[in-house]
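# Next one to model:
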Amino acid sequence: MKLYCLSENPNAPCLLLTFKGTSIMLDCALDLSPLMHFLPLTLVPSARLSKLATWKSSDNVASKALSQDLKECGGQVFVDSEPEVCVPEIGIVDMSTVDVILISNHHNMLALPFITEYSGFKGTIYATEPTLQIGRQMMEELVEYMERVPKRRKSTQWKKPNILKLLPASLKDALYLSSWKKCYTKHDINSCMSKIQKTSFGEKLPLYGALTMVPMSSGFCLGSSNWVIQSQFEKIVYMSGSSFLTTHSTPISQEPLKNPDILLLTGVTQTPTHNPDSMLGEFCSNLTVTIKNGGSVLVPCYPSGVIYDLFECLSGYMDSVGLMQTPMYFISPVADSSLAYAQIFSEWLCAPKQSRVYLPEPPFPHAELIKNGRLEHFSSLHGDFSSQFKTPCVVFAGHPSLRCGDAVHFIELWGKSSNNTVIFIEPGFPYLEALAPFQPLSMKACYCPIDTAMSYAQANKMIKDLKPLHVVVPNKYQKPPVSQPLRTDLVIEADPAPMSFHRGEVLNLPIRRHSEKIELTPELANSLAPTEVKPGVLVSTVTGILNARDNRFILEELPRPPSNGASQSPVPRKRKRDDDASALSGVHPKQYVYGTLDLEEFVQSLIKHGIPDVKVEETASGHIVLLAQSEDTIIQIEEGSTHIFCDGNEPLRRKLKDALISCLPTF
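The predicted model follows:
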């Protein structure tokens, strides 16, 4: 069994598992961290960004080649081009040989169009219904943000090795530049989505008869899954993005994950020092202070996930502090479909929200907020929004990187006033880096990451409960975070010590195929004659032909040899098989002996078989039986073995063999 790591970011995983002749890709997430190196895409041409100074290199050749590619802002250098993303390292594997892709949640499928449309992949993709629909929404939102503000120029010169070495450290040390790509298109998304097969929690999905794959609820978000991959004798569990918190999604299912041979663990919290509950409290208090001071609040966010809980918590909190008249705006190209789908995925919700469906009431309160006009959603800033917009207000908009989307416009609009606040809730982007191209900025910034993924302490406790034989984790989980180098508790621990991997590495996992299940045909099973060798244990000999096909092994009866009067088949292959069968039937004895030899009974048996003069001598390891009629014959009896030494006297050897077998039980 081998594991290929195709991604460096443990919260944007992409792994390839090969076992029993199959290849299984586990997630194919898109690493969005390269967005931080690009200038924002603004809806309205920004005079401030257009006036940024061009970065000048000390090398004249580099400066001439770069021309207007790089801009300098606040001491940092940014690429003035269409933003790029980092795709998985699919070049190290032949994607046409990959049999199946298993998706664990909507965050971990954003690289799918790169694989289905541009890599030669021809296999099957499995994902739950919410994962498929929400993943589509996130893809469509990202593409819409990229396409509606196209860059007039394409910057590629800075990536050339002779230029790259002259750039500032932020760009020069950027990882995996060869995997940075422009985003896909809406056509790619539609084509990709048509190739995904929907599945449900607990559904057994066969793979060529060799393995069974089962998605189980991970509790992280709507439709998120942990995958159990099993053969007849091996069990692999893949966990990515699991949560033990009480949120809107179905709780995590742990029982089916217990006692695996291999536990692959990714998706542990990105903010281990920030408790989600306390961050929610800080979010509400910062928002309240801003609104009461007459300012507005911007919340850069994804169009799905934690915002469903935020709408619910925030509306109740604003009621309690007298801010029920403050409007909330949700702006996204997929805002309408996101809110609608959240209400219809009732079977994927936690029990309290499921019970509301049967009242009947909407599972989420944002339907009531929309009805009362407290929450309004728009696809863009154009049209109805401009006529209904009023301040102070709370705006939820993408993209959380602040490199594209409507959030960029609000930073430009509100950034000059210290009364306004931007609150970062998504943990995937460092907020200071996100704000860097907008400096100087008077707007207050608060970092309240709400990451519901399991903590390191929860992960370590879970590992003890699941009792895996081996744990495999990203190498970043083997040492404390860079920001907390002394926090040795922020690592994944197991016994034996976990195996670790990084991008581009191939691991040989410590699991071997020792056994396979074999089926007997009814005819062969009917011919067996079991013998009870001890209470509750029966054994029988079996001889047949093993038929292996599609990873199924079936033991069939030997072909019957033709009767003497039957005419021989003229086909040579038929005669050969009959001859082989006849020969095979004579290879194995008709019966087998077992048990412990009783010495006195053996002596009496020798006498019955015409060998009267027997002498028994005791040795350190057993006994030796000597025969008077044949001085060259010795019978050596030890615990667990009996040896007969009889040279040149075949009739006597046969008598001794018959006497010995008559004293032992057979089957």
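
# what number of residues lie near Thr633?
For Thr633, the tally of surrounding residues (other CB atoms under 10 Å) stands at 20. From N, CA and C alone the C-beta is placed, and that goes for glycine too.

# Let's verify it: helix, strand, or coil?
strand (DSSP: H, G, I helix; E, B strand; the rest coil).

# Straight-line length of stretch 453-472, end to end?
18 Å (CA to CA, to the nearest Å).

# May I see the buried residues of it?
453-456, 458-460, 462-463, 466, 468, 470-472 (16 or more other CB atoms under 10 Å).

# could you give the mean pLDDT of stretch 84-96?
On average, the pLDDT along stretch 84-96 is 92.

# try stretch 26-43
93.

# cool, and stretch 522-534?
The predicted model assigns stretch 522-534 a mean pLDDT of 84.

# Counting neighbours, what do you get for Leu6?
A count of neighbours around Leu6, defined by other CB under 10 Å, yields 25.

# where along the stretch 1-150 of the chain do the helices fall?
47-50, 60-66, 112-118, 129-148 (DSSP state H, counting those that start in this stretch).

# ok, for Leu263, nearest residue in space, not its chain neighbours?
Pro468 (3.8 Å; CB to CB, 6 or more residues apart in numbering).

# what does Thr185 give?
Using CB to CB, 6+ apart, the closest residue to Thr185 is Val143 (6.5 Å).

# Confirm for me that the one you found is in contact with Cys183.
Yes - Val143 is within contact range of Cys183, at 5.9 Å (criterion: CB atoms under 8 Å).

# which SS class is Leu546?
Secondary structure for Leu546, judged by three-state DSSP, is strand.

# which residues does it contact?
Ile518, Phe553, Ile554, Leu555, Glu556 (CB atoms under 8 Å, 6 or more residues apart in numbering).

# Would you write a ChimeraX line that selects the buried entries of the residues you listed?
Buried residues among these (16+ other CB under 10 Å), as a ChimeraX selection:
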select :555
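
# Any regions of the protein where pLDDT drops low?
Segments of the chain classed as low confidence (criterion: pLDDT under 70) are 58-67, 152, 562-590, 648.

# mind redoing it with 50?
Flagging of the chain using pLDDT under 50 yields the residue ranges 566-567, 569, 571, 573-586.

# returning to that earlier point: in strands, which of the buried residues of stretch 453-472 fall?
Residues of the buried residues of stretch 453-472 located in strands (DSSP state E): His470, Val471, Val472.

# Skipping its backbone neighbours, what lies nearest Leu167 in space?
Closest to Leu167 by CB to CB, 6+ apart is Trp158, at 6.5 Å.

# In three-state terms, label that neighbour for me.
Trp158 is classified as helix under three-state DSSP.

# can you count the residues close to it?
Neighbour number of Trp158 under other CB under 10 Å is 23.

# Repeat that for Met109.
Met109, neighbours per other CB under 10 Å, totals 28.

# on that earlier part again, looking at the contacts of Leu546, which one is closest to Phe283?
Phe553 (57.9 Å; CB to CB).

# Quick check: the closest one touching Thr521?
No - using CB under 8 Å, Phe553 makes no contact with Thr521, being 11.7 Å away.

# returning to that earlier point: turn the helices of the stretch 1-150 of the chain into a markdown table, columns for distance to Ser337 and mean neighbour count.
Below are the helices of the stretch 1-150 of the chain laid out as a markdown table (distance: least, CB to CB, whole Å; neighbours: other CB atoms under 10 Å):
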| stretch | distance to Ser337 | mean neighbour count |
| --- | --- | --- |
| helix 47-50 | 32 | 12 |
| helix 60-66 | 41 | 15 |
| helix 112-118 | 19 | 22 |
| helix 129-148 | 6 | 22 |
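
# closest one to Arg503 among the ones you listed?
Of the helices of the stretch 1-150 of the chain, the one closest to Arg503 (CB to CB) turns out to be helix 112-118, at 15.8 Å.

# Need the contact partners of the closest one.
25, 28, 30, 87-88, 90, 95, 101, 103, 121, 125, 135, 139, 181, 184, 188-189, 191-192, 195-196.

# Please repeat the previous calculation with a cut-off of 6 Å.
Cys28, Val87, Phe121, Tyr184, Asp188, Ile189, Ser191, Cys192, Lys195 (CB atoms under 6 Å, 6 or more residues apart in numbering).

# quick one, what contacts the third one?
Phe121 sits next to Met95, Val98, Ile115 when contact means CB under 6 Å, 6+ apart.

# Identify the residue nearest it in space, chain neighbours excluded?
Nearest residue to Phe121 in three dimensions, chain neighbours excluded: Met95, at 4.4 Å (CB to CB, 6+ apart).

# from what I can see the one you found touches Lys122, true?
No - between Met95 and Lys122 no contact is recorded; they are 8.4 Å apart, counting by CB atoms under 6 Å.

# Between these two, point out the one with more neighbours.
Met95 (19 against 12).

# That one and Leu132: what is the separation?
Distance, Met95 to Leu132, using CB to CB, to the nearest Å: 21 Å.

# and what of Ser96?
23 Å.

# Can you identify each of the helices in the stretch 451-600 of the chain by residue range?
Under DSSP H, counting those that start in this stretch, the stretch 451-600 of the chain gives helices at 456-466, 522-526, 572-587, 599-608.

# contacts for the second one?
Put plainly, it is helix 522-526. Residues contacting helix 522-526 (CB under 6 Å, 6+ apart): Gly544, Glu557.

# List the buried residues in stretch 247-265.
247-250, 252-254, 256-257, 260-265.

# Distance check, the closest residue to Lys181 other than its chain neighbours against Pro40.
Ranked by CB to CB, 6+ apart and with sequence neighbours excluded, the top spatial neighbour of Lys181 is Val87, at 5.3 Å. Separation of Val87 from Pro40 (CB to CB) stands at 22 Å.

# what's the answer for Thr212, then?
Distance of Thr212 to Pro40, given as CB to CB: 47 Å.

# Pick out whichever of those two has more residues nearby.
Pro40 (25 against 15).

# can you count the residues close to the residue nearest to that one when sequence neighbours are not counted?
Distance criterion CB to CB, 6+ apart; nearest residue to Pro40, sequence neighbours excluded, is Val408 at 4.6 Å. Close neighbours of Val408, defined as other CB under 10 Å, add up to 26.

# Give the next helix or strand downstream of the helix or strand Val408 falls within.
Per DSSP states H and E: Val408 is located in helix 406-414. Sequence order places strand 421-424 as the next helix or strand after helix 406-414, per DSSP H and E.

# partners of that following strand, with directions?
Partner strands and pairing direction for strand 421-424 (DSSP bridges) are strand 297-300 (parallel), strand 444-447 (parallel).

# For the helix or strand just after it, give me every contacting residue.
From strand 421-424 onward toward the C-terminus, using DSSP H and E, the following helix or strand is helix 431-435. Surrounding helix 431-435, the residues in contact under the criterion CB under 6 Å, 6+ apart are Met36, Leu402, Phe424, Ala445, Tyr447.

# same thing with stretch 497-506?
2, 4-5, 7-8, 89, 471-473, 475, 478, 492, 507.

# Just the buried ones out of the residues you listed, please.
Tyr4, Cys5, Ser7, Glu8, Glu89, Val471, Val472, Val473, Asn475, Ile492, Leu507.

# can you put the residues you listed in JSON lines and add distance to Glu312?
Formatted as JSON lines, the buried ones among the contacts of stretch 497-506 follow (distance: CB to CB, whole Å):
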{"residue": "Tyr4", "distance to Glu312": "41"}
{"residue": "Cys5", "distance to Glu312": "38"}
{"residue": "Ser7", "distance to Glu312": "33"}
{"residue": "Glu8", "distance to Glu312": "35"}
{"residue": "Glu89", "distance to Glu312": "40"}
{"residue": "Val471", "distance to Glu312": "36"}
{"residue": "Val472", "distance to Glu312": "37"}
{"residue": "Val473", "distance to Glu312": "34"}
{"residue": "Asn475", "distance to Glu312": "38"}
{"residue": "Ile492", "distance to Glu312": "32"}
{"residue": "Leu507", "distance to Glu312": "42"}
